[in-house]
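S.K.: model this:
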Amino acid sequence: MENIMNRFWWRNKPRQRGIHWTTWSTLSLPKIAGGMGFRDLAKFNIALLAKPGWNLIVNPNSLLARVYKAKYFPNGDFLSARLGSYSSYTWKSIWCSRGLLEQGLGWRIGNGSSINIWQDAWIAGHGNGRVSGVSPDFHYSKVSELIDFHTHTWKHELCRTLFTPLQAAQVFCIPLPLCPSTDLCIWRGDPSGLYSVRSGYRWLINTELAVSGDPNSLEEDGYNRLCKSFWSVSLPTKVKVFFWRFIHNLLPTFKNLRIRQINVNPQCLFCHASEESMLHLIYECPFVQQILSRLDLVSTSISIDQNFILWLSNLFYSLNLLKRKYFIVSLWAIWGSRNKLLHEGISQTVEDIVLFSKMYIQEVDASNLPRPSPSTVRNDRWSPPAIGLIKANFDASFDIGSLSSVSGIIVRNEEGLIMAAGIYPNRFVANPELAEAVACEQTLIFLKDLGFRRAVVEGDSLSVIFKLCHPLVSRSILSVHLNNILRRQRDFDHISFSHVSRESNKAAHLLARFGRSLSESRFWLEEAPSEVEPATLQDRWWVDTPD
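M.R.: Numbering: from 1, shown residues only. Here you go, the predicted model:
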């Protein structure tokens with residue numbers, strides 16, 4: 001199947017084989033790693049086979065799992081099972097994919113009693129999820145020994161004693177449930193904690209790239225940086241594929257054809273002064289230099305003395321977004337003009353190619369303009385709650401450097417009058433989505449402490465609000481906070497969650513930003529900080545103000 005795809009990609013006509021300018025292993029790399037993103041079918045097959053293996057782990061009571069357990073691992077589990085003799089072809093296939101699952105499996109903390117501190121993958125964040133860099137203290141073996149179940153928090157002093165400062169901070173970022181539950185096996189390759197074929201395939205590819213990459217190579221750095229950037233330029237795919245071939249030196253220049261033992265005249269068709277190569281076309285040919293100069297794409301500050309890929313990467317990054325589009329399109333137009341001259345004898349001038357490049361980009365930009373929808377009306381105003389309810393808006397300000405966040409909460413009645421406002425600084429928050437979930441949970445705590453039992457909670461985090469309104473099966477860290485929020489719903493007679501735009505949530509947003517300057521929680525009754533009051537007055541847009 002890979003041979004069929006490879007032949008299809010390189011041939012020019014149905015009955016011709018074409019020149020295979022690079023290997024299939026290069027084409028099957030992800031685009032950000034310099035490939036074309038074609039699927040490596042061997043790795044994809046392993047990712048497919050790991051799916052039933054995952055089901056054997058997370059659904060041990062299913063009929064399939066019970067049959068396999070009775071036959072192949074009666075005294076253990078799937079991860080400890082042996083291949084055995086005279087095994088079925090299906091079992092052999094699933095068993096051979098076990099290595100992928102062993103690499104990516106981890107744990108989500110419930111009560112910590114099933115998780116070994118020193119052997120299991122349970123630490124959140126980058127890395128393999130296991131404790132490293134310290135000597136194990138076997139006086140402590142289970143994660144449950146690190147948890148204070150009275151306060152539902154980690155034992156900070158003990159963790160700082162056992163782990164490095166970085167690993168201790170990663171441990172503190174793991175949220176703990178209000179009610180300790182069973183520890184769950186998770187897949188660390190996906191934020192949801194659930195295994196999917198796509199995430200399994202991505203894990204295999206990333207593992208291979210991590211092993212084969214050379215972090216000390218300047219050429220590799222420039223190459224990866226260039227590959228990550230040009231695919232995001234808003235141009236047709238055929239133009240970006242051409243540029244991909246250009247930076248990989250996979251175009252049939254006369255120099256490349258002669259290397260493959262094809263007898264051609266090596267002189268450049270434009271200037272007839274030198275052998276046609278990638279370097280000559282982009283840097284030496286006077287005809288091409290005139291075109292690039294007319295489009296203001298020539299940088300005199302970047303020298304070609306260094307590696308070509310690094311030079312090309314620096315040149316590309318010296319251009320703004322619009323000039324990057326002109327750079328790619330102009331090279332594509334130059335190559336098209338070269339082919340017309342070679343195969344049809346049609347010669348184009350510098351002005352012809354410059355005009356074509358400008359007109360082409362104008363057409364592309366015009367086709368990419370969003371079409372307005374008259375039926376869509378966006379409401380960017382805060383709206384009051386129904387009579388008998390109060391509305392609490394929340395937002396979070398996240399700081400990735402210190403792994404901390406600030407929750408801003410403002411409570412108003414049906415007249416838009418401020419009932420209360422609060423600011424909660426939080427330490428050890430792993431990402432912005434978790435910060436929003438923490439802010440939402442603290443909103444319910446705030447409302448309960450104030451004595452409100454009928455409320456509407458609004459926030460501008462679509463993912464958090466959607467997951468609260470549509471609970472799905474998830475093994476992610478975020479689900480710990482979501483379950484805590486749903487559990488706290490029992491404290492209210494009526495509670496609902498609603499997503500609003502940032503503009504409609506401006507008061508809570510400003511409150512969270514103001515909280516960055518505070519080191520401890522702060523609360524206001526029937527008022528808010530002066531930095532937030534103008535926004536709350538604007539939110540009362542239906543109230544007539546005197547002239």
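
S.K.: assign a three-state SS to A437, would you?
M.R.: helix (DSSP: H, G, I helix; E, B strand; the rest coil).

S.K.: I'd say it and H481 touch.
M.R.: Yes. Using CB atoms under 8 Å, A437 makes contact with H481 at a distance of 3.8 Å. (Each C-beta comes from the backbone N, C-alpha and C, glycine too.)

S.K.: more neighbours, those two?
M.R.: A437 (28 against 25; other CB atoms under 10 Å).

S.K.: what stretches of this structure score poorly on pLDDT?
M.R.: 212-223, 299-307, 371-379, 544-547 (pLDDT under 70).

S.K.: grab the nearest non-local neighbour of E520.
M.R.: P425 (6.5 Å; CB to CB, 6 or more residues apart in numbering).

S.K.: what residues of the helix or strand hosting T536 count as buried?
M.R.: According to DSSP states H and E, T536 maps onto helix 533-539. Residues A535, T536, D539 are the ones in helix 533-539 that count as buried (16 or more other CB atoms under 10 Å).

S.K.: pick the one among those residues closest to R82.
M.R.: Proximity to R82 was ranked across these by CB to CB; first place goes to A535, at 64.8 Å.

S.K.: just checking, that closest one touches A507?
M.R.: Yes. Proximity of A535 to A507 meets the contact threshold set by CB under 8 Å, at 4.3 Å.

S.K.: what's the helix holding T536 packed up against?
M.R.: Applying 3 or more CB pairs under 8 Å, 6 or more residues apart in numbering; DSSP states H and E, we find helix 533-539 packed against strand 404-412, helix 506-514.

S.K.: for the nearest residue to I32 once chain neighbours are set aside, what are phi and psi?
M.R.: Excluding the flanking residues, the one nearest I32 by CB to CB, 6+ apart is K228, at 4.7 Å. For K228, the backbone dihedrals (degrees, to the nearest 10) come out as phi -70, psi -20.

S.K.: where exactly do the strands run in the chain?
M.R.: Using DSSP state E, the strands assigned to the chain run over residues 105-108, 147-148, 153-154, 184-187, 390-399, 404-412, 418-427, 454-459, 494-499, 522-525.

S.K.: so what's the residue count around the spatially closest residue to L321 that is not a sequence neighbour?
M.R.: Using CB to CB, 6+ apart and skipping residues adjacent in sequence, the residue nearest L321 is V233, 7.5 Å away. Residues near V233, counting by other CB under 10 Å, number 17.

S.K.: V233 and K325 touch, don't they?
M.R.: Yes. At 5.7 Å, V233 and K325 qualify as touching, with contact defined as CB under 8 Å.

S.K.: before we move on, the earlier item: looking at the strands of the chain, which is buried most?
M.R.: Most buried of the strands of the chain by mean neighbour count (mean count of other CB atoms under 10 Å) is strand 404-412; its value is a mean of 26.

S.K.: counting contacts, what elements does it pack onto?
M.R.: strand 390-399, strand 418-427, helix 432-450, helix 506-514, helix 533-539.

S.K.: at 7 Å instead, please
M.R.: When contacts are defined as 3 or more CB pairs under 7 Å, 6 or more residues apart in numbering; DSSP states H and E, strand 404-412 sits against strand 390-399, strand 418-427, helix 432-450, helix 506-514.

S.K.: just the CA coordinates of that strand, formatted as CSV?
M.R.: Extracted C-alpha coordinates of strand 404-412, given in CSV (Å, rounded to 0.1, in the frame of the first residue of the first chain):
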residue,chain,number,x,y,z
SER,A,404,-0.2,30.2,39.4
SER,A,405,-3.6,31.8,38.6
VAL,A,406,-6.0,34.4,40.0
SER,A,407,-9.8,33.8,40.1
GLY,A,408,-12.0,36.8,39.8
ILE,A,409,-15.7,36.5,40.7
ILE,A,410,-18.5,39.1,40.7
VAL,A,411,-22.1,38.5,41.8
ARG,A,412,-25.0,40.7,40.6
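
S.K.: outside of it, which residues touch it?
M.R.: The contact list for strand 404-412, computed with CB atoms under 7 Å, 6 or more residues apart in numbering, reads 390-399, 418-427, 429, 435, 438-439, 442-443, 446-447, 507-508, 511-512, 515-516, 528.

S.K.: what of stretch 485-494?
M.R.: By CB under 7 Å, 6+ apart, stretch 485-494 touches L178, C440, E441, L444, K448, R453, R454, A455, L468, P471, I495.

S.K.: can you redo the residues you listed as a markdown table with distance to Y72?
M.R.: Formatted as a markdown table, the contacts of stretch 485-494 follow (distance: CB to CB, whole Å):
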| residue | distance to Y72 |
| --- | --- |
| L178 | 39 |
| C440 | 45 |
| E441 | 44 |
| L444 | 47 |
| K448 | 51 |
| R453 | 55 |
| R454 | 56 |
| A455 | 53 |
| L468 | 41 |
| P471 | 35 |
| I495 | 48 |
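
S.K.: drop anything exposed from those residues.
M.R.: C440, E441, L444, A455, L468, I495.

S.K.: return the member of those nearest to N12.
M.R.: Distances from N12 to the buried ones among the contacts of stretch 485-494, taken by CB to CB, are shortest for L468, at 54.9 Å.

S.K.: quick check: closest non-adjacent residue to that closest one.
M.R.: F497 (4.7 Å).

S.K.: return the residues in contact with that neighbour.
M.R.: V457, I465, L468, C469.

S.K.: what's the closest non-adjacent residue to the last one?
M.R.: The one in question is C469. C469 sits nearest to F497 (CB to CB, 6+ apart), 5.8 Å away.

S.K.: for that neighbour, give the beta-bridge partners.
M.R.: V457 (DSSP bridges).

S.K.: would you list the strands of the chain in TSV and tack on distance to G84?
M.R.: Output for the strands of the chain, formatted as TSV (distance: least, CB to CB, whole Å):
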stretch	distance to G84
strand 105-108	22
strand 147-148	39
strand 153-154	42
strand 184-187	23
strand 390-399	50
strand 404-412	51
strand 418-427	50
strand 454-459	53
strand 494-499	51
strand 522-525	64
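
S.K.: out of these, nearest to L342?
M.R.: strand 184-187 (52.7 Å).
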